[in-house]
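Asks: What shape does this take:
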Amino acid sequence: MSIDPDPRAARGEPEHKYAWRRRIAERRGMELGYRILVALVGLAVLALGIVAIPYPGPGWAIVFAGLGILASEFAWAKRVLAWLRERYRHFMTWFSARGPLVRALAALGTFLIVVATLWVLGTFSLVGGWIGVEWPWLRSPLN
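Replies: Have a look, this model is predicted:
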């Protein structure tokens, strides 16, 4: 009976590169704890990215990072990451081919989402209080 070679070594990666992961995998309790930790961190990063998508900044990059963290341990996340990357590429190709009107509407939509969020979170009434403006429509509906 022969032992299969390490597939990472077959790809030319140094064997010691993943020795820490193999040591964790050898201990059942540590393996479970490690996978739970990866799941929690990955889901937290993924959730943050989903929340950040409509705002200016790296929302999609955070989503891909969260899925990448999850994909390091879970096959389903690897499949979702590949599928989502492909859909994102298709959408960006489509969006880039649209004219200035579609891009302007997308920018306007993003602006409105940001303004609505700032209003709901009470930012306008906070800043209005700093400068002495107390207009009722500035108040957040959450107050």
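Asks: Now for the nearest residue to Trp135 once chain neighbours are set aside: which residues touch it?
Replies: Nearest residue to Trp135 in three dimensions, chain neighbours excluded: Gly128, at 6.5 Å (CB to CB, 6 or more residues apart in numbering). (Glycine included, C-beta is placed from N, CA and C.) Residues near Gly128 by CB atoms under 8 Å, 6 or more residues apart in numbering: Glu134, Trp135, Leu138.
Asks: Test my guess that the last one contacts Phe124.
Replies: Yes - under the contact definition of CB atoms under 8 Å, Leu138 touches Phe124, with a separation of 4.4 Å.
Asks: Listing request: residues of this protein with sub-threshold pLDDT.
Replies: 1-17 (pLDDT under 70).
Asks: change it to 90
Replies: For the chain, the stretches flagged by pLDDT under 90 are 1-33, 51-60, 88, 92, 95-96, 98-99, 103, 106-107, 110-111, 113-143.
Asks: Quick check: chain neighbours aside, which residue is closest to the residue most central in space within the chain?
Replies: Closest to where the C-alpha atoms of the chain average out (CA atoms, centre = their mean) is Val63, at 1.9 Å. Using CB to CB, 6+ apart and skipping the chain neighbours, the partner closest in space to Val63 is Gly49 (3.5 Å).
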